[in-house]
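**Q** got a structure for you, letters missing:
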């Protein structure tokens with residue numbers, strides 16, 4: 001069913017929606033009444049009627065004028081309030097859908113396309129109420145009441161009015177819809193292409209500049225921009241033609257009412273004083289119908305925007321197994337972690353990343369998982385953090401299967417430091433408070449001092465340029481210390497960092513994880529003698545596991561060969 005998610009969100013703002021429709025109806029009726037009463041006043045004044053007749057008519061004109069201004073303001077206020085509240089709910093709803101499946105999203109969508117979906121397409125849906133739902137409701141109510149009013153004078157007048165309504169509100173929009181259906185795919189394609197080019201230009205500026213490709217990327221971006229502008233111009237021209245036709249039909253209806261009115265006046269069936277009123281009413285009522293010309297375009301646009309937004313989080317990205325509500329975050333003590341015959345392949349990938357692996361991390365134990373790039377090491381962490389669910393086998397934290405555990409509650413057990421840690425373009429203080437929103441300034445300074453960043457002011461902006469790579473990693477460790485979770489996950493912590501900085505980071509890290517369970521993912525074999533257990537993995541299979549001494553004693557062991565190779569290279 002189209003728009004069922006949007007309609008469900010709209011029902012939560014039914015108060016403002018109903019008020020917007022009420023004020024919109026009053027604004028339309030008052031506009032009709034204002035011009036109708038004005039025409040009646042001019043006709044009456046020409047016949048020199050009694051003063052009280054003109055006085056009452058003048059009062060009616062002023063009443064409709066004031067009502068029109070007030071109701072128009074109320075309609076604008078309520079309709080936009082409803083729209084922005086719906087948009088706010090929509091953004092929160094989309095975020096809640098996407099947050100659990102974030103890793104899968106970035107493996108399926110280009111960043112530019114994803115940005116267009118999450119920003120442009122969501123913003124485009126804000127017009128769903130204003131342009132799709134609201135206008136037809138007000139139009140139908142106004143035309144029904146106007147038809148009832150005209151039928152008191154002549155059934156023929158009502159027939160002419162409803163013929164005009166059919167052409168303006170139904171026939172012309174249908175024809176435009178067929179034309180625009182051929183144009184919309186081109187427009188969406190051009191819009192997506194421009195978003196991709198702009199994103200690549202923005203995020204890859206340094207690389208493009210370094211490789212002397214910046215001018216070529218600029219030309220590609222300008223070309224896509226010009227193509228999009230041309231497509232938009234063609235669509236706008238078609239839209240203007242439709243509006244012109246609708247306006248022409250409304251004028252023809254007014255002429256038809258005038259012609260029939262003259263005939264009815266000559267036949268004595270209608271008072272001549274009412275003729276101007278009937279013509280002006282039939283002309284003004286089409287102010288509510290002309291927006292219908294744009295309706296098919298807005299419906300198609302809203303439908304495509306909804307499809308693009310929600311397709312990101314639909315069935316192919318949803319967890320295969322429904323999550324339960326068991327939570328263990330209240331425990332501040334290390335938990336055991338058990339993988340039992342776990343196999344897993346990423347969605348859309350036939351090759352398995354893990355093939356029947358089994359191991360156990362005891363409470364307070366430090367375990368390193370080593371192996372070459374692509375061996376499946378990081379996949380272990382992603383399954384443990386519940387980023388993916390389509391695996392066979394069993395993963396337990398404590399005595400609980402993680403498939404039955406609540407995501408947010410479970411993740412409270414973990415402090416994570418990755419190879420590339422994300423920092424928002426904000427102050428050091430704000431980035432640290434992500435780990436502990438109620439953390440005091442004294443606590444923040446304490447963790448910065450613990451990682452030798454005491455000289456880094458809390459108000460320093462973190463934008464990727466003012467702090468070095470080593471400082472970023474130490475800041476990530478500070479965030480981990482502030483969270484103080486019982487299980488620490490470290491993924492390729494020092495990749496891309498020089499040996500001196502690496503030693504500084506480890507000297508800061510290891511003293512602060514005593515008593516915690518640690519899983520350390522790495523393809524570098526430094527400091528592994530500090531681990532309680534080492535698990536060697538390659539091509540998704542565990543080749544061997546044991547202590548550092550046990551693995552080094554194996555004459556033909558895989559880990560020993562890796563260690564010897566690393567020493568030779570160094």
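**A** Here it is on my side, so go on. Note that this is a predicted model, so its numbers are computed, not measured. Numbers count the residues shown, from 1 in each chain.
**Q** and residue 153, which of the three is it?
**A** Three-state assignment for residue 153 (DSSP: H, G, I helix; E, B strand; the rest coil): coil.
**Q** residues of stretch 352-360 that come out buried?
**A** Residues of stretch 352-360 classed as buried by neighbour count (16 or more other Cβ atoms under 10 Å): 352-355, 357, 359. Yep, even glycine has a C-beta here, placed from its N, CA and C like the rest.
**Q** got the residues you listed as TSV, with distance to residue 228, pLDDT and secondary structure columns?
**A** As requested, the buried residues of stretch 352-360 are exported to TSV (distance: Cβ to Cβ, whole Å; pLDDT from 0 to 100; DSSP: H, G, I helix; E, B strand; the rest coil):
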residue	distance to residue 228	pLDDT	secondary structure
352	42	85	coil
353	39	87	coil
354	44	90	strand
355	47	90	strand
357	49	91	strand
359	53	92	strand
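**Q** wait, which of those is closest to residue 420?
**A** Closest to residue 420 out of the buried residues of stretch 352-360 is residue 353 (19.6 Å), distances taken as Cβ to Cβ.
**Q** isn't that closest one right next to residue 342, touching?
**A** No - Residue 353 lies out of contact with residue 342 (Cβ atoms under 8 Å); the separation is 10.3 Å.
**Q** now what about stretch 477-486, what contacts it?
**A** By Cβ atoms under 8 Å, 6 or more residues apart in numbering, the residues outside stretch 477-486 that reach it are 331-335, 412-417, 421, 431-432, 434-436, 439, 443-444, 447-448, 450-451, 453, 488, 505, 508-509, 512, 516-517.
**Q** narrow the residues you listed to those in strands?
**A** 414-417, 488, 517 (DSSP state E).
**Q** next up, the contacts around residue 126.
**A** For residue 126, the contact set (Cβ under 8 Å, 6+ apart) comprises 83-84, 86-87, 90.
**Q** let me see the contact set for the residue nearest to residue 424 when sequence neighbours are not counted.
**A** Take residue 424 and drop its neighbours on the chain: the residue closest to it by Cβ to Cβ, 6 or more residues apart in numbering is residue 431, 5.9 Å away. Contacts of residue 431 were listed using Cβ under 8 Å, 6+ apart, and they are 423-424, 462, 475, 479.
**Q** list buried residues within these.
**A** Listed as buried from the contacts of residue 431 are 423, 462, 475, 479; burial here means 16+ other Cβ under 10 Å.
**Q** now, the most widely separated pair of those residues?
**A** Greatest spatial distance in the buried ones among the contacts of residue 431: 462 and 479, 11.0 Å, computed using Cβ to Cβ.
**Q** okay, domains of this structure per the record?
**A** For the chain, the structural domains run 4-316, 337-413+485-569, going by automatic domain parsing.
**Q** can you put these in a markdown table and add distance to residue 470?
**A** Rendered in a markdown table, the data for the domains of the chain read as follows (distance: least, Cβ to Cβ, whole Å):
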| stretch | distance to residue 470 |
| --- | --- |
| domain 4-316 | 20 |
| domain 337-413+485-569 | 4 |
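**Q** do you know the pLDDT at the nearest residue to residue 435 once chain neighbours are set aside?
**A** Sequence neighbours aside, residue 483 is the residue nearest to residue 435 in space, at 3.9 Å (criterion: Cβ to Cβ, 6+ apart). Looking at residue 483, its pLDDT is 87.
**Q** secondary structure element for residue 356?
**A** Assigned by DSSP states H and E, residue 356 belongs to strand 354-361.
**Q** ok, that strand: who's next to it in the sheet?
**A** Here strand 354-361 is paired, per DSSP bridges, with strand 337-344 (antiparallel).
**Q** contacts for the strand it pairs with, please.
**A** Contacts of strand 337-344 (Cβ under 8 Å, 6+ apart): 352-361, 379-380, 383-384, 388, 390-397, 487, 517, 519, 540.
**Q** buried stuff in it?
**A** Neighbour-count burial for strand 337-344, counted by 16+ other Cβ under 10 Å, picks out 337-339, 342, 344.
**Q** which one of those residues is nearest residue 7?
**A** Looking across the buried residues of strand 337-344 and measuring by Cβ to Cβ, the closest to residue 7 is residue 344, at 37.4 Å.
**Q** assign a three-state SS to residue 364, would you?
**A** coil.
**Q** quick check: phi and psi on it?
**A** Main-chain dihedrals, residue 364, degrees, to the nearest 10: phi 80, psi 0.
**Q** ditto for the one 4 residues further on
**A** Residue 368 adopts backbone torsions of phi -100, psi 140, taken as degrees, to the nearest 10.
**Q** tell me the mean pLDDT over stretch 424-432?
**A** Averaging pLDDT along stretch 424-432 yields 85.
**Q** the residue nearest the centre of the chain and residue 91: what is the separation?
**A** The centroid of the chain falls nearest to residue 118 when counting by Cα atoms, centre = their mean (3.5 Å). To residue 91, residue 118 is 9 Å away according to Cβ to Cβ, to the nearest Å.
**Q** now do residue 172
**A** 34 Å.
**Q** higher neighbour count, these two?
**A** A count of neighbours by other Cβ atoms under 10 Å puts residue 172 above the other of residue 172 and residue 91, at 23 against 16.
**Q** and what about the more buried one, helix, strand or coil?
**A** Following three-state DSSP, residue 172 is assigned to helix.
**Q** right, and it touches residue 244 too?
**A** No - look at residue 172 against residue 244 with Cβ under 8 Å: they stay out of range, at 10.1 Å.
**Q** of the contacts of residue 431, closest to residue 299?
**A** Nearest to residue 299 out of those is residue 424 (Cβ to Cβ; 37.2 Å).
**Q** what separation is there between the closest one and residue 411?
**A** Taking Cβ to Cβ, one finds residue 424 at 19 Å from residue 411.
**Q** repeat that for residue 72.
**A** Distance of residue 72 to residue 411, computed by Cβ to Cβ: 50 Å.
**Q** just residue 250 next, same as before
**A** 60 Å.
**Q** same question for residue 69.
**A** For residue 69 relative to residue 411 (Cβ to Cβ), the value is 54 Å.
**Q** number of nearby residues for residue 184?
**A** Number of residues near residue 184 (other Cβ under 10 Å) recorded here: 18.
**Q** next up, phi/psi of residue 424, please.
**A** Note on residue 424: backbone dihedrals following degrees, to the nearest 10 are phi -70, psi 150.
**Q** so it makes contact with residue 432?
**A** No - using Cβ under 8 Å, residue 424 is not in contact with residue 432, being 11.0 Å away.
**Q** inside helices: which ones of the contacts of residue 431?
**A** Counted as lying in helices by DSSP state H, out of the contacts of residue 431, are 475, 479.
**Q** of the contacts of residue 431, closest to residue 264?
**A** Of all the contacts of residue 431, residue 264 sits closest to residue 424, with 71.6 Å by Cβ to Cβ.
**Q** could the contacts of residue 126 go into CSV alongside distance to residue 287, neighbour count and pLDDT?
**A** CSV is the format used below for the contacts of residue 126 (distance: Cβ to Cβ, whole Å; neighbours: other Cβ atoms under 10 Å; pLDDT from 0 to 100):
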residue, distance to residue 287, neighbour count, pLDDT
83, 21, 23, 87
84, 25, 13, 88
86, 25, 23, 86
87, 27, 18, 84
90, 30, 21, 83
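**Q** for residue 39, what is the enclosing helix or strand?
**A** Counting by DSSP H and E, residue 39 is part of helix 14-46.
**Q** so how far is stretch 517-525 off the chain centroid?
**A** In terms of Cα atoms, centre = their mean, to the nearest Å, the centre of stretch 517-525 is found 35 Å from the chain centre.
**Q** buried residues in that stretch?
**A** Buried, per 16+ other Cβ under 10 Å, within stretch 517-525: 517-523, 525.
**Q** please apply the same query to stretch 219-230.
**A** Neighbour counts over stretch 219-230 (16+ other Cβ under 10 Å) mark 220-221, 224, 227-228 as buried.
**Q** noted, bye for now.
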